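Q: have a look; sequence and predicted model below, questions after that.
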Amino acid sequence: MFGERRRLGRTRMAYSINRRPLLGGSDSEFEDDIETEMDDASVCVPDQKHLLPLPRDRYNIAYIVFYLLGINTLIPWAFFVTADEYWMYKFREIHQNNTGLHNYTHTQILEKRTELQASFMSYLNIASAIPSTLFLILNTFLSKILSQQVRMVGTQALILLLFIMTTAFVKINTDEWQNTFLIIVLTSFAIVNALSAVFGGSLMGIVGRFNPKYITAMTSGQALGGIFTALTEIVSLWIGASPVVSGLVYFIIGDIVLLASLIAYILIEREEYFLHHMVQKPRSQEPNFSVNAEVSFVEGHRTNYLSILKRTWLYSLAIFLTFFITMAVYPGVTVLVESKDKGKGYAWNDIYFVPVVTYLTFSCGDYIGRLLAGIFLWPKDKPWVIVAFSISRVFFIPAFMFCNVQPRHHLPVYINDDLYYIILTVIFAIGNGYLCNIAFILVPTIVDPHDKEIASAMMGAFLGLGISIGSALSLFLVKSQFTL
């Protein structure tokens, strides 16, 4: 009994260390015991790090880099998708007297859409959706296996190499082996999207540890990537370059952006502000005090995926529905929407309508929606409202199908006016950006700090699932209603 009292007394005296003045004396009979307890690793001395000033994001470097990394998550997909004229040239109808790398005009390329031209965008969606979904799901577990360096630096380096290979194919004449070229393009695109899923999922997990404004920076960067690629294509059309030259310039710019992103991440991961948020205090150092004043320690944290899913399932459902509905029509169906005045000799209707409305307008609306979500953060505590808004967007699927999609063989055209199509696109895009960003911002706020990375990665998995199933529906719609 005396030994037990002495042990409890020693423990209580150990806690009094932090309350005693630094130079204060001690008249305790257990003074020698106190010195022993101070050196004992089994006793927790409260962390005093909060007394030190937190590192600052100097010159908003981390904020800018997260923007750039966000752009990088979309650049590989966006550059493939928005290089529409280049792909239409590669898969045009070939005659014996028109093979080779000639300066075809935009109108000549689309004089008569081939099956490959009409279906190529849906093929791209499938080639991106399946590996993206698979690896976004696997990334939830890969974060426990592969180091952050491998998932962030390794994937970006491999994506850059594959993009350089795609750039090289621009100058190769593939007219005599279009189907083989299609397989090569889809295979490399699938690998790029698998790598992008690991990179993007890891980035979501990383940014989930930071202030919500950094989450907005990352997601807004994704939308900005779409704007950047659309503007690149429009400029290439404006200068009147051939599909081959514009495609070459287009992909070289993509190579430069990917390289800049890789370098930026390597530099930012050495910044004190970045390291402060990435280095987490091990839970094994957190004390657990029992009623008898004994000190015990919590064992290493084990991730409970089911528990995280139960907390976040409404936001996960909203993300899934948002991207399922978006990918069902964009860009597989919307890229086939033509101006009602196409063929009358106006550049706007014949050349710029698709890149400006389908890509640039959508990307700008998406960007605005993400910014608005970061500003208003509404609704904070009502995830079911976000789900309801996500479900309501299903209206856009028949709406876009009734626009002037060509070629078509079954459905009538009810929305023929270009202005109505543009208004639909703007509302559709803003809703996509807002619902996506609000869900990603709020998820880290409803889980424990040590689960933020996993929760954000799981959201990425549901995003990929929505993209995958939505892309499959898009291919079905295009094949069954328009091109057969």
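A: On my side now, so go ahead. Residues are numbered from 1 along each chain as shown.

Q: quick one: low-confidence ranges for this structure?
A: Of all residues in the chain, those with pLDDT under 70 make up the ranges 1-53, 95-112, 280-301, 482-484.

Q: ok, which stretches of this structure are strands?
A: Using DSSP state E, the strands of the chain run over 287-289, 295-297.

Q: how far away is the nearest residue to residue 317 once chain neighbours are set aside from residue 451?
A: Setting aside the residues directly before and after it, residue 317 is nearest to residue 387 in space (C-beta to C-beta, 6 or more residues apart in numbering), at 5.6 Å. All C-beta atoms are positioned from the backbone trio N, CA, C, and that covers glycine. Look at residue 387 and residue 451: by C-beta to C-beta, to the nearest Å, they are 21 Å apart.

Q: likewise for residue 461?
A: Taking C-beta to C-beta, one finds residue 461 at 15 Å from residue 451.

Q: can you check residue 440 too?
A: According to C-beta to C-beta, residue 440 and residue 451 sit 15 Å apart.

Q: check which residues of stretch 173-190 are buried.
A: Of the residues in stretch 173-190, 174-175, 178, 181-182, 185-186, 188-190 count as buried by neighbour count, 16 or more other C-beta atoms under 10 Å.

Q: for the chain, what's the longest helix?
A: Longest helix in the chain by number of residues, with DSSP state H as the criterion: helix 178-207.

Q: tell me which other helices or strands it touches.
A: If contacts are counted by 3 or more C-beta pairs under 8 Å, 6 or more residues apart in numbering; DSSP states H and E, helix 178-207 sits against helix 61-82, helix 115-142, helix 155-169, helix 212-238, helix 452-477.

Q: ok, which of the ones you listed comes nearest residue 321?
A: Smallest distance to residue 321 across the helices and strands packed on helix 178-207 (C-beta to C-beta): 6.7 Å, for helix 452-477.

Q: which of the residues in the closest one are buried?
A: In helix 452-477, counting by 16+ other C-beta under 10 Å, buried: 452-475, 477.

Q: who has more neighbours out of residue 440 and residue 451?
A: residue 440 (25 against 21; other C-beta atoms under 10 Å).

Q: next up, the contacts around the more buried one.
A: By C-beta atoms under 8 Å, 6 or more residues apart in numbering, the contact set of residue 440 is 204, 215, 219, 319, 456, 459.

Q: recalculate using a threshold of 7 Å.
A: Each residue near residue 440 by C-beta atoms under 7 Å, 6 or more residues apart in numbering is listed here: 215, 219, 459.

Q: can I get those residues in TSV with distance to residue 435?
A: Putting those into TSV (distance: C-beta to C-beta, whole Å) gives the following:
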residue	distance to residue 435
215	14
219	11
459	12
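
Q: out of the residues you listed, flag the one nearest to residue 145.
A: For the contacts of residue 440, the nearest to residue 145 is residue 459 (19.8 Å; C-beta to C-beta).

Q: gap between that closest one and residue 413?
A: Residue 459 is 38 Å from residue 413, by C-beta to C-beta.

Q: try residue 146
A: In terms of C-beta to C-beta, residue 146 sits 50 Å off from residue 413.

Q: higher neighbour count, those two?
A: residue 146 (16 against 13).

Q: what are the phi and psi angles of that one?
A: Phi and psi for residue 146, reported as degrees, to the nearest 10, are phi -90, psi 140.

Q: contacting residues for the closest residue in space to residue 193 that isn't next to it in sequence?
A: Spatially, and ignoring its direct neighbours in sequence, residue 193 is nearest to residue 128 (4.2 Å; C-beta to C-beta, 6+ apart). By C-beta under 7 Å, 6+ apart, residue 128 lies in contact with 77, 189, 193.

Q: OK, contacts around the closest residue in space to the second one that isn't next to it in sequence?
A: In this case it means residue 189. Leaving aside its chain neighbours, residue 189 sits nearest to residue 127 (4.8 Å; criterion: C-beta to C-beta, 6+ apart). Each residue near residue 127 by C-beta under 7 Å, 6+ apart is listed here: 186, 189-190.

Q: a markdown table for the residues you listed, including distance to residue 337?
A: Below are the contacts of residue 127 laid out as a markdown table (distance: C-beta to C-beta, whole Å):
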| residue | distance to residue 337 |
| --- | --- |
| 186 | 24 |
| 189 | 23 |
| 190 | 27 |
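
Q: residue 119: which of those residues is nearest?
A: Using C-beta to C-beta, the contacts of residue 127 come closest to residue 119 at residue 186, 11.5 Å.

Q: is it true that the closest one touches residue 122?
A: No - if you go by C-beta atoms under 7 Å, residue 186 and residue 122 don't touch, sitting 11.2 Å apart.

Q: for stretch 354-370, measure first residue to last.
A: Start-to-end span of stretch 354-370 (C-alpha to C-alpha, to the nearest Å) is 23 Å.

Q: use 109 as the first number for this chain going forward.
A: Noted, 109 is the first residue going forward, which turns the last one into stretch 462-478.

Q: how far does that stretch sit from the chain's center?
A: 16 Å (C-alpha atoms, centre = their mean, to the nearest Å).

Q: on that earlier part again, in CSV, list the buried residues of stretch 281-298 along with distance to residue 417.
A: Formatted as CSV, those follow (distance: C-beta to C-beta, whole Å):
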residue, distance to residue 417
282, 45
283, 50
286, 44
289, 42
290, 38
293, 36
294, 32
296, 33
297, 30
298, 27
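
Q: just flag the most distant two among those residues.
A: Greatest spatial distance in these: 283 and 298, 23.7 Å, computed using C-beta to C-beta.

Q: flag every buried residue along stretch 245-261.
A: Here stretch 245-261 shows 245-248, 250-251, 254, 259-261 as buried, counting by 16+ other C-beta under 10 Å.

Q: give me the contact list for that stretch.
A: Residues outside stretch 245-261 that contact it (C-beta under 7 Å, 6+ apart): 305-307, 309-310, 313, 370, 373-374, 561-562, 565-566, 568-569, 572.

Q: from residue 580, how far off is the residue nearest to residue 351 when sequence neighbours are not counted?
A: Of all residues not flanking residue 351 in the chain, residue 197 sits nearest, at 3.6 Å (C-beta to C-beta, 6+ apart). Using C-beta to C-beta, residue 197 is found at 27 Å from residue 580.

Q: same check, this time on residue 571
A: 15 Å.

Q: ok, the closest residue to residue 446 other than its chain neighbours to residue 286 distance?
A: Nearest non-adjacent residue to residue 446, counting by C-beta to C-beta, 6+ apart: residue 514, 4.9 Å away. Per C-beta to C-beta, residue 514 is found 22 Å from residue 286.

Q: now residue 442
A: Residue 442 sits 24 Å away from residue 286, going by C-beta to C-beta.

Q: hmm, residue 175 is touching residue 325, no?
A: Yes - between residue 175 and residue 325 there is a contact at 4.8 Å, judged by C-beta under 7 Å.

Q: which one's more surrounded, those two?
A: Neighbours per residue (other C-beta under 10 Å) separate residue 175 from residue 325, with residue 325 holding more: 25 against 22.

Q: now that the more buried one has come up, it's in contact with residue 170, right?
A: No - taking contacts as C-beta under 7 Å, residue 325 lies outside contact range of residue 170: 8.6 Å.
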